[in-house]
Every structure is written in C-alpha cells, then in structure tokens.
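A.B. asks: No letters, just coordinates:
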Ligand code: PMP
C-alpha cells in the first residue's frame, strides 16, 4: 500500500486507535481486512467488548424490579447508559431518552404512538425522496391506516434536497416532517437547521433520522431544536440491538404508549392500566441491558477521542478518497453535495456492483453493493444498485490507496 502525500489532521493517532479494534487484524482470503462498510455497521473496540463481558461476569440481573445487589447494579448501569446518551447528544434530561432496538424501531415508535394520535385523514406527512426504507415504510403504514397523504421533498442531480420546493410543499395540513440528517446513499448532510426553522415557523414538528449523522458528527439537540431524533448504537461502535429515540418532553408526555407490558405501567387492573413516567412509559418488557452497558462504553470511547476530531479526520479521508476515485476511468460517483460525510456510492461503467464487491472481497476489502435500503433513490437514478464505500475513525489513507488500486485492478480484470 503506497501513501500519497496528504495532510493528516494533527494529533489523530489512527494507528493507536486501530489497536483497540482486534477484528481489524483479521485476514480475509489471506489479505489484511480493509473494512469499508461502516454505514451498515461498525466494528467494536475492546472497551465495548470488555463491557459486555464484564456485565455478564459481575452485574447480570433484570432491571428496575428486584431489591438485591445485582439488580441494583444492572439498573444503575442501564440508567447510567441513558445519562451518557443524553450527554452525548446534549439533551436536557435523560427523561428524553428512550432505548429502542435501533433507528428503525425508534421511527416506528413515533409513527405509531405519536402518529396514530395526531395524524388524521387528509393530513400530510412530509418526507424526502432520499429516505432509507426505515424512514419511509412506517409512515406509509400510518398514512394507509389513517388516510393521510405523503409528500416528498425532491433531490437534485447532485443528491441535494431542493429546499425551495420544500417551502412550496408545506401546507396547513402538514403534520410532521421526517428526514435523514445524513444520506446513507449520497453522504449528503441535509440543511436540517434551516428545514427545522421553517417547519417550526409553522408549528410543525421535525423528526431526524440520525442513523448516519450521530455516529460521525457532534450533535446538540438543543441547538438543532429537532423534536425527535432516532439513531442506532451499532453504527457508532456499540452493540447491535439497541438504539435511541430522543424526543422533547411535551411530545413524549402527550403520546400514547407504543407497546404494552411490564415496566411501562404504573398500576394495572384487569380491565385497564395507567402508564409509568417517561421514558419508562415507552420501554415495555425487559430491555437489552447488556447492550446498554456496551453502548455506554462506545459513547465514552468516542467522547475520549472527541467528536469534532472524528468528523475532521473523516472529512480528510473522504476528500482524499473522492479525489482518488475520480481518477479511475469509467467511475461515476452518485452525490456531489458540498456538505457531506464519509459515504460514497459509485459504479464503474460496464461492471456490476455485486461483481465488484466480490472481487474486492477477494482482496480483503469489505464494501457494500445493492440498493442500500433506498429503492426509490435507485429508481430515480435509473439504476438497480450501486457499490458503496463508507469510512469510520479507524480507516486509513493507506487503505484508501489500496481500495482505489483494487478498483483499477477490477476494471482490468472484468473489462
Ligand atoms: N436510516 C438510515 C439513514 C440508515 O442508514 C439506516 C441503517 N442502514 C437506518 C435508518 C436503519 O438503522 P437500523 O437498521 O439500525 O435500525
């Protein structure tokens, strides 16, 4: 792997960081692993793996129920994880943090528990054309159920939202706007501050799908003033099976429960029940306790590096990768937003993305090929699939060189 001359962000010791991720030493088909599928899920550092082990060695019990030491430890750890999430996104209170299975469940929770109460026949739900299926299908289900209408902010050829069109699409019937903060196909960072301001001027709440933004950008929900924010632990170094719905208190207070069962109740009679305080009102049943411990460790790990530095480093990597990829003959990149993150979707003319992904896998490189759970984007671009490389804080400039050299080799091999 040859390193071309690049400016590295000061004090970002990527080699030191890589030591914390044992999986990065794996050999794939005899080659060093180059993991470029971070938009799908990320690898886990030792402190996260240790936290999971430590939980089962020393703390395992159910939460919020029994009065014994292990139950107290499990409950304390689970609630400390909630506090850590609140601090990470600068929420005012941990009451605003609901643990879910991930981004998908968080959005379903809002579409179901908020939507069924506040969206009526003829009301409008505003989405964008660049949503992941997770921020599309729950709203389709709601709209079909209550007779609401879906509206879509279009994207331009560059993969940028047409904000002027957004303004004309707003109406007196718009009840909610739900959009991705950062696209998992184009990498575009959407102008959410502006969209939120315009929505709030008309009294409309905004849900942000933060699956791709919270892992990579410093987030301040108070500054953004979003009403709901959904994200997943597994895309930010934490375990799978846990994620977050952040919401403003008054919204949570006024929403119906999402699921019924243990923990979410205050009192239960045979015929009816009363609800627990927020956030517990939305956490029916035994939660993913060990994942909360692991997620807490992941948040501490990211905080110890600093999210601004993570963003800066990834920006350098992305700019470098884009410049090098553009030099590969026949390579088309989808999305050209000035404000973007480290997700690059592309195709090489005449080469199917699945064949390319398989070729790269033979060289130890993990990328994604497919529709990226965004079939409407593919349809609008008139393609079936793209290849996608996505970066995180442990990727290196040398890996990008190796990746781009392998793209060239793929062209020679197939074409
Ligand atoms: N939204 C976006 C933008 C995503 O990239 C993803 C994951 N690919 C999701 C939602 C869904 O996340 P999860 O599968 O963790 O629920």
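C.D. replies: Everything's here; your move. Just so it is clear, the model here is predicted, and its values are computed rather than measured. Numbers count the residues shown, from 1 in each chain.
A.B. asks: just checking, residue 387 is part of a helix?
C.D. replies: No. With DSSP: H, G, I helix; E, B strand; the rest coil as the criterion, residue 387 is strand rather than part of a helix.
A.B. asks: So for the nearest residue to it once chain neighbours are set aside, what's the pLDDT?
C.D. replies: Closest residue to residue 387 apart from its sequence neighbours, by CB to CB, 6 or more residues apart in numbering: residue 353 at 4.1 Å. All C-beta atoms are positioned from the backbone trio N, CA, C, and that covers glycine. pLDDT recorded at residue 353 is 98.
A.B. asks: isn't residue 353 right next to residue 372, touching?
C.D. replies: No. Counting by CB atoms under 8 Å, residue 353 sits too far from residue 372 to count as a contact (10.4 Å).
A.B. asks: Can you get me a residue count around the residue of the stretch 251-400 of the chain found nearest the ligand?
C.D. replies: Residue nearest to the ligand within the stretch 251-400 of the chain: residue 373 (5.7 Å; CB to the nearest ligand atom). For residue 373, the count of nearby residues is 17 (other CB atoms under 10 Å).
A.B. asks: about what we covered before: what touches both of residue 353 and residue 372?
C.D. replies: Counting by CB atoms under 8 Å, 6 or more residues apart in numbering, the contacts common to residue 353 and residue 372 are residue 386.
A.B. asks: need the residues of the stretch 251-400 of the chain near the ligand, please.
C.D. replies: residue 373 (CB under 6 Å from any ligand atom).
A.B. asks: any idea where the strands of the stretch 1-150 of the chain begin and end?
C.D. replies: Using DSSP state E, counting those that start in this stretch, the strands of the stretch 1-150 of the chain run over residues 27-28, 31-32, 34-35, 97-100, 124-128, 149-153.
A.B. asks: Give me the sheet partners of the fifth one and which way each runs.
C.D. replies: Strands adjacent to strand 124-128 in the sheet, as given by DSSP bridges, are strand 149-153 (parallel), strand 174-180 (parallel).
A.B. asks: Pretty sure residue 224 sits against residue 192.
C.D. replies: Yes. The pair residue 224 and residue 192 qualifies as a contact (CB under 8 Å) at a distance of 6.5 Å.
A.B. asks: so which of the strands paired with strand 124-128 gets nearest the ligand?
C.D. replies: Judged by CB to the nearest ligand atom, the one of those that comes nearest to the ligand is strand 174-180, at 4.7 Å.
A.B. asks: if we can go back for a sec, tell me which of the strands of the stretch 1-150 of the chain lies nearest to the ligand.
C.D. replies: The closest of these to the ligand is strand 97-100. By CB to the nearest ligand atom, the value is 8.5 Å.
A.B. asks: The closest one packs against which elements?
C.D. replies: Helices and strands touching strand 97-100, by 3 or more CB pairs under 8 Å, 6 or more residues apart in numbering; DSSP states H and E, are helix 69-88, helix 103-109, strand 243-247.
A.B. asks: what's the closest of the strands of the stretch 1-150 of the chain to residue 326?
C.D. replies: Across the strands of the stretch 1-150 of the chain, residue 326 has its closest neighbour in strand 34-35 (19.7 Å, CB to CB).
A.B. asks: Partner strands of that closest one, with direction?
C.D. replies: Strand 34-35 pairs in its sheet with strand 365-366 (parallel), by DSSP bridges.
A.B. asks: For the strand it pairs with, what does the pLDDT average out to?
C.D. replies: Over the span of strand 365-366, the pLDDT mean works out to 98.
A.B. asks: and for it, what are the contacting residues?
C.D. replies: For strand 365-366, contacts defined as CB under 8 Å, 6+ apart pick out 28, 33-37, 360, 402-403, 406.
A.B. asks: do stretch 92-102 as well
C.D. replies: Outside stretch 92-102, the residues that touch it by CB under 8 Å, 6+ apart are 79, 81-83, 85-86, 91, 106, 109, 222, 230, 232-234, 240-249, 252, 277-279, 282-283, 287-288, 292.
A.B. asks: Any quick ChimeraX command for the buried ones out of those residues?
C.D. replies: A single ChimeraX command is used to select the members of those judged buried by 16 or more other CB atoms under 10 Å:
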select :81,82,85,86,91,106,109,230,232,233,234,240,241,242,243,244,245,246,247,248,252,278,279,282,283,287,288,292
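A.B. asks: Spell out which residues of the stretch 101-250 of the chain are next to the ligand.
C.D. replies: Listed as neighbours of the ligand in the stretch 101-250 of the chain under the rule CB under 6 Å from any ligand atom: 102-104, 132, 134-135, 180, 184, 209, 211-212, 232, 243.
A.B. asks: need the residues you listed in CSV with distance to residue 123 and pLDDT, can you?
C.D. replies: Converted to CSV, these look like this (distance: CB to CB, whole Å; pLDDT from 0 to 100):
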residue, distance to residue 123, pLDDT
102, 27, 98
103, 24, 98
104, 23, 98
132, 23, 98
134, 21, 98
135, 18, 98
180, 22, 98
184, 28, 98
209, 20, 98
211, 26, 98
212, 28, 98
232, 28, 99
243, 27, 98
